[in-house]
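Colleague: give me a model of this one.
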Amino acid sequence: MQGNRGPQQQSHAPPRHLHLNDQKKAGGANSNGQQTEPSEQPNLNAALTIDLQNFRKPGEKVYTQRSRLFVGNLPTGVTEQEVEKLFSKYGKPSEIFINKDRGFGFIRLETRTVAEIAKAELDDTTFRGRQIRVRFATHGAALTVKNLPQFVSNELLEEAFSMFGQIERAIVIVDDRGRPTGNGIVEFTSKPAARKALDRCADGAFLLTAFPRPVIVEPMEQCDDDEGLPEKIVVKNQQYHKERENPPRFAQPGTFEYEYAMRWKALMNMEKQQYQQVDRNIKEAQEKLEAEMEAGRHEHQVMLMRQDLLRRQEELRRMEELHNQELQKRKQLELRQEEERHRREDEMRMHSEEIMRRQQEKGNFSENREQEMRMHMAAQGLNRSSIGGNSAPAGVPNMPTDNNPLMVVGNNNLPGVQGGFPRGLQGPADFGPNKRRRF
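Modeller: Numbers count the residues shown, from 1 in each chain. Sure, this is the predicted structure:
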């Protein structure tokens, strides 16, 4: 056991830590070989501390589930303060849980490396008279991702599964040559996020790349390939003693155990062959599915191109319709503008004609008025001359006198009336004062 943990201790802890650990695992014996009580042992653990900065990787997350330790076989009535003091030199923990009735607890340290050092140094050590067990706690929020595409990296895997919750670690498992095996591990910070990812991936098809092959998500099988099963923790019941009666050996031909051992080998070989046959069938089915997928992808791309062409044609037709509608609207607008221009021109022409007509009427009215005034002035001159001399002008016959009233002028066409001007000819009286009385 000491030889198995020796390399880990040399890679993570200073040599003086190893010396302290050897003293504790030696059962606390003094220099005389006598067993000492825990209270008599020097408290060297409290005097030593670890520089945590030297054990932190660049970009490493702290206080994760990977740095959570299980501490078993604790003394009855132990307190959280005592356990924290036991782990004091490994930094301040973020979580301490103690089940006093069953004698176990959990503690979360800062990094995985520090937790490995604490596990290597404190496992199988004596604490208050009892030999405690220190192991890494089971990660309840870890998932195994299978069927990963070839070009999926740790970063892409973490980015893909971060949609379900906060992730502590995402790793793509590779072989000894660094080639991906198609499997990976995703560790969430909480169980609800892991359950959500498990349910969503089981109900749907979660794709990580353009390759349409969904990933398979399963709960991670928790196993301990570091410590294994030491002899001291094996349950030594009746079946144990029966199985351990004979030491390891090769079965001798012709014996009972040899016969059944060969039958077991034949069964295991048949199982191996069947597994190989199943693997070949699965591989052939995968190749066939990939070929069908390529053909289907080509048809799908052709269909998408056809749909895109139809969509572009429809957009072109719609744009042409919009362009024609716009042209029609422009023509109608131009027609309305032309009609409006003609209407305005007609209104302006009619307005100018009206102005000209009014100007002409005004000019004719002024001329008629001037002519009437000249005629009126001439008539007044005639009347004055007739009134002043009682004789008619020369060359005018039958001119009336004062003894012949002018009223007979209006009745010159009546029978029996003599004298005065004929009706058809205008006399001087038509331009005199009698004309105003006549009208």
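Colleague: which residues of the stretch 301-439 of the chain score low on pLDDT?
Modeller: Scanning the stretch 301-439 of the chain for pLDDT under 70 picks out the ranges 383-439.
Colleague: cutoff 80 now
Modeller: Along the stretch 301-439 of the chain, segments meeting pLDDT under 80 span 361-369, 380-439.
Colleague: residues of stretch 161-171 that come out buried?
Modeller: Of all the residues in stretch 161-171, those buried under the rule 16 or more other C-beta atoms under 10 Å are 161, 164-165, 167-170. Quick note: C-beta positions are derived from backbone N, CA and C, even for glycine.
Colleague: among these, which lie within strands?
Modeller: Counting by DSSP state E, the buried residues of stretch 161-171 place 167-170 in strands.
Colleague: most widely separated two among these?
Modeller: By the measure C-beta to C-beta, 168 and 170 form the most distant pair in these, at 8.5 Å.
Colleague: overlap of the contact sets of those two?
Modeller: Jointly contacting residue 168 and residue 170 under the rule C-beta atoms under 8 Å, 6 or more residues apart in numbering are residue 187.
Colleague: and the furthest pair within the buried residues of stretch 161-171?
Modeller: Greatest spatial distance among the buried residues of stretch 161-171 (C-beta to C-beta): 164 and 169, at 14.4 Å.
Colleague: show me the helices in this protein, by range?
Modeller: Along the chain, the stretches classed as helices by DSSP state H are 2-12, 15-25, 80-86, 112-122, 154-161, 191-203, 238-243, 256-389, 434-438.
Colleague: show the pLDDT at the spatially most central residue of the chain.
Modeller: In the chain, the centroid-proximal residue (C-alpha atoms, centre = their mean) is residue 163; its distance is 12.4 Å. Note for residue 163: predicted pLDDT of 94.
Colleague: and it, how far is that from residue 193?
Modeller: For residue 163, the distance to residue 193 (C-beta to C-beta, to the nearest Å) stands at 10 Å.
Colleague: quick one: contacts for the nearest residue to residue 219 once chain neighbours are set aside?
Modeller: Ranked by C-beta to C-beta, 6 or more residues apart in numbering and with sequence neighbours excluded, the top spatial neighbour of residue 219 is residue 143, at 6.4 Å. Neighbour list for residue 143: 185-188, 194, 197-198, 217-220 [criterion: C-beta under 8 Å, 6+ apart].
Colleague: just the buried residues of those residues.
Modeller: Buried members of the contacts of residue 143, counted by 16+ other C-beta under 10 Å: 185-188, 194, 197, 217, 220.
Colleague: residue 105 contacts residue 95, correct?
Modeller: No: using C-beta atoms under 8 Å, residue 105 is not in contact with residue 95; the gap is 10.0 Å.
Colleague: what is the nearest of the buried ones among the contacts of residue 143 to residue 349?
Modeller: Distance to residue 349, by C-beta to C-beta, is smallest for residue 197 among the buried ones among the contacts of residue 143, at 86.5 Å.
Colleague: from what I can see that closest one touches residue 186, true?
Modeller: Yes: using C-beta under 8 Å, residue 197 makes contact with residue 186 at a distance of 7.3 Å.
Colleague: which residues of the stretch 1-150 of the chain score low on pLDDT?
Modeller: Within the stretch 1-150 of the chain, the stretches with pLDDT under 80 are 1-60.
Colleague: all strands of it, in order?
Modeller: Using DSSP state E, counting those that start in this stretch, the strands of the stretch 1-150 of the chain run over residues 68-72, 95-99, 104-108, 126-127, 130-131, 133-136, 142-146.
Colleague: residue contacts, residue 200?
Modeller: Applying C-beta under 8 Å, 6+ apart to residue 200 gives the contacts 164, 206.
Colleague: distance of it from residue 185?
Modeller: Distance, residue 200 to residue 185, by C-beta to C-beta: 18 Å.
Colleague: now do residue 354
Modeller: Distance, residue 354 to residue 185, using C-beta to C-beta: 100 Å.
Colleague: residue 147 too?
Modeller: From residue 147 over to residue 185 (counting by C-beta to C-beta), the distance is 14 Å.
Colleague: residues near residue 211, how many?
Modeller: 13 (other C-beta atoms under 10 Å).
Colleague: leaving out the residues flanking it, which one is nearest to it?
Modeller: Among residues not flanking residue 211 along the chain, residue 149 sits closest, at 4.9 Å (C-beta to C-beta, 6+ apart).
Colleague: not counting sequence-adjacent ones, nearest residue to residue 147?
Modeller: Excluding the flanking residues, the one nearest residue 147 by C-beta to C-beta, 6+ apart is residue 216, at 4.8 Å.
Colleague: partner residues bridging that neighbour?
Modeller: In this entry, residue 216 is beta-bridged to residue 146, by DSSP bridges.
Colleague: and it, what is it in contact with?
Modeller: Applying C-beta under 8 Å, 6+ apart to residue 216 gives the contacts 145-147, 201.
Colleague: filter the residues you listed to the buried ones?
Modeller: Neighbour counting by 16+ other C-beta under 10 Å classes 145, 201 among those as buried.
Colleague: okay if I get the contacts of residue 216 as CSV plus distance to residue 286?
Modeller: Shown next, in CSV, are the contacts of residue 216 (distance: C-beta to C-beta, whole Å):
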residue, distance to residue 286
145, 18
146, 14
147, 10
201, 20
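Colleague: quick check, nearest of the contacts of residue 216 to residue 258?
Modeller: The shortest approach to residue 258 among these belongs to residue 146, at 39.8 Å (C-beta to C-beta).
Colleague: contacting residues around that closest one?
Modeller: With contact set as C-beta under 8 Å, 6+ apart, residue 146 has these partners: 182-183, 215-218.
Colleague: repeat for residue 366
Modeller: Contacts of residue 366 (C-beta under 8 Å, 6+ apart): none.
Colleague: quick thing: my sequence starts at 347, can you match it?
Modeller: Okay, residue one is now 347; in that scheme the one you just asked about reads as residue 712.
Colleague: could you measure from residue 681 over to residue 668?
Modeller: From residue 681 across to residue 668, the span is 20 Å (C-beta to C-beta).
Colleague: er, residue 536 I mean
Modeller: Between residue 536 and residue 668 the computed distance is 55 Å (C-beta to C-beta).
Colleague: thanks a lot, catch you later.
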